[in-house]
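In: build me a model from this:
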Amino acid sequence: MTLDAPVPAPGSGVTFVMPVLNERDYLERAVQTVLLQDVDGPAELILALGPSTDGTTELARRLAERDDRIRLVDNPRADIPVALNLAIRAARHPTIVRVDAHSELAPGYTRRALATLERSRAANVGGVMRADGRTPFQRAVAIAYNSPIGLGGGAYHVGAPEGPAESAYLGVMRREVLQEVGLFDETIRRGEDWELNLRIRRAGYRVWFDPDLAVTYWPRESWVRLARQFLATGTWRGELVRRFGRSNSLRFFAPPALVVAVIASIVLGALQGAGVVGGAFSAVLSVIHLPVALYVLGIIAFSVVAGRALRERCWLVLVLPTMHLAWGAGFLVGVVRGAKDTIDTSRLDRNTPLP
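Out: Reported below is the predicted structural model:
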């Protein structure tokens, strides 16, 4: 049976919650797009501050001094689900809007989301992540994010008709339902939103996708940070497969399958090169190279077509395999041994001690 989420009284207010760690270059603009949202009723923005080392905390304090709608809470553990729970527990209003410091809300985002929540009677509503970039590398990553080739075609990356969804990007949520299902699981450092939405759906409530909702997302700025991000994300997806099995979509298994295919091709190539495998048997086994060869050709073709400039095309040839192979390798590690204490080090400054 599907349950209708509660609808607060008109004008009852909205709380925006934002985990923050080493986001000096993005925080002020992210905060500005939140404060410019048109909300019927009171609004507040709670910044959950991790132990930043790049001046982010000082910037957050200056922003809070300028606008009394901004409130600060400390998050010494730095983990995103911990930050979200701290902010939600401190919230004053019945509707929670999750915001990322690496993102920007489109004008009218919150008003549209609140209308969709009320119309659909969903517990959580999300829209489209529109990745964008400021440099050729970041724009190449954004192209990959916005394509089924890059992240497997999830609704909030490439769009879909409005309706029930498996999960929601960021999310505009009813606080009462969050409290009922137990908030975010603080033992899950990546994929915490997917797991929360799984519990929301299992409790009988709707998770809803609205393609008219849009959030600009700024990807990682360097190849190393991108690889670290996807390795950690893949590892935690492997952990979620260990915990929840068939509740995970089949699309999550494509990157680890690619990793296995690449390893098999490399091993066979080494054996063929050393003369250990030869003759007709070698020719038959060479079919193992075919999936990798087709993958490489597909990546090159997509990069040429999708890249708008030469530097973007060149970066795409590197970015796409990095995303796929790092995520897939992490997934295999997570499935075999679990995520354990894996963290996303792409969010850390060089001088930030690991939590």
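In: now do the SS call for the closest residue to G163 other than its chain neighbours.
Out: Leaving aside its chain neighbours, G163 sits nearest to F209 (6.3 Å; criterion: Cβ to Cβ, 6 or more residues apart in numbering). (Glycine included, C-beta is placed from N, CA and C.) Following DSSP: H, G, I helix; E, B strand; the rest coil, the label given to F209 is strand.
In: shouldn't F209 be in contact with V172?
Out: No. Applying Cβ atoms under 8 Å as the test, F209 and V172 come out as separate, 11.8 Å apart.
In: overlap in contacts of those two?
Out: Common neighbours of F209 and V172 (criterion: Cβ atoms under 8 Å, 6 or more residues apart in numbering): 125-126.
In: chain center to the helix of greatest length in the chain: distance?
Out: Ranked by residue count, the top helix of the chain under DSSP state H comes out as helix 310-337. The chain centroid and the centroid of helix 310-337 are separated by 15 Å, computed with Cα atoms, centre = their mean, to the nearest Å.
In: average pLDDT for it?
Out: Mean per-residue pLDDT for helix 310-337: 97.
In: may I see the buried residues of that helix?
Out: 312-313, 315-317, 319-320, 322-335 (16 or more other Cβ atoms under 10 Å).
In: what does stretch 86-96 give?
Out: Using 16+ other Cβ under 10 Å as the test for burial, stretch 86-96 gives 86-88, 91, 93-96.
In: compute the first-to-last residue distance for it.
Out: Its first and final residues considered, stretch 86-96 spans 12 Å by Cα to Cα, to the nearest Å.
In: now swap in stretch 185-198 and tell me
Out: End-to-end distance for stretch 185-198, by Cα to Cα: 11 Å.
In: list the contacts of that stretch.
Out: With contacts defined as Cβ under 8 Å, 6+ apart, stretch 185-198 is touched by 79-82, 84-85, 98, 124, 165-171, 178, 181, 183-184, 207, 232-233, 235-237, 239-240, 244, 247, 339, 342-344.
In: distance from the chain centre to that stretch, please.
Out: A distance of 11 Å separates the centroid of the chain from that of stretch 185-198, by Cα atoms, centre = their mean.
In: can you tell me the average pLDDT over it?
Out: Averaged across stretch 185-198, the pLDDT comes to 95.
In: buried residues of that stretch, list them for me.
Out: Per 16+ other Cβ under 10 Å, stretch 185-198 contains these buried residues: 185-186, 188-198.
In: state the distance from the nearest residue to P8 once chain neighbours are set aside to T235.
Out: Of all residues beyond its chain neighbours, the one nearest P8 is P94 (4.1 Å), with distances taken as Cβ to Cβ, 6+ apart. From P94 across to T235, the span is 35 Å (Cβ to Cβ, to the nearest Å).
In: now do P164
Out: Noted for P164: a distance of 29 Å to T235, by Cβ to Cβ.
In: these two: which has the busier surroundings?
Out: It is T235, of P164 and T235, that has more neighbours when counted by other Cβ atoms under 10 Å, with 28 against 12.
In: below-threshold pLDDT in the stretch 151-300 of the chain: ranges please.
Out: In the predicted model, the stretch 151-300 of the chain carries pLDDT under 70 at residues 152-159.
In: let's go with 80 and repeat that
Out: Applying pLDDT under 80 to the stretch 151-300 of the chain flags the ranges 151-160, 246.
In: tell me where it has strands.
Out: Ranges of strands in the stretch 151-300 of the chain, per DSSP state E, counting those that start in this stretch, are 163-164, 172-174, 207-217.
In: got the contact list for the first one?
Out: If I follow you right, that is strand 163-164. Applying Cβ under 8 Å, 6+ apart, the set of residues contacting strand 163-164 from outside is 206-209.
In: run me through the strand neighbours of that strand, direction for each.
Out: Partner strands and pairing direction for strand 163-164 (DSSP bridges) are strand 207-217 (antiparallel).
In: just the second one next, same as before
Out: Paired strands of strand 172-174, with direction, are strand 95-98 (antiparallel), strand 124-131 (antiparallel) (DSSP bridges).
In: got the contact list for it?
Out: Strand 172-174 is contacted from outside by 5-6, 8, 94-98, 110, 113-114, 116-117, 123-126, using Cβ under 8 Å, 6+ apart.
In: filter those residues to the buried ones?
Out: The neighbour-count test (16+ other Cβ under 10 Å) applied to the contacts of strand 172-174 identifies 5, 8, 94-98, 110, 113-114, 116-117, 123-126 as buried.
In: ok, back up a step: ranking the strands paired with strand 172-174 by mean pLDDT, which is last?
Out: Within those, confidence is poorest for strand 124-131, with a mean of 94 (mean pLDDT).
In: return the alpha-carbon coordinates of that strand using CSV.
Out: The C-alpha coordinates for strand 124-131 follow below in CSV (Å, rounded to 0.1, in the frame of the first residue of the first chain):
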residue,chain,number,x,y,z
ASN,A,124,10.9,13.1,-1.4
VAL,A,125,11.1,14.9,-4.7
GLY,A,126,14.2,15.4,-6.9
GLY,A,127,15.1,16.6,-10.3
VAL,A,128,17.9,16.7,-12.9
MET,A,129,21.6,17.2,-12.0
ARG,A,130,22.9,19.5,-14.8
ALA,A,131,26.6,19.2,-14.6
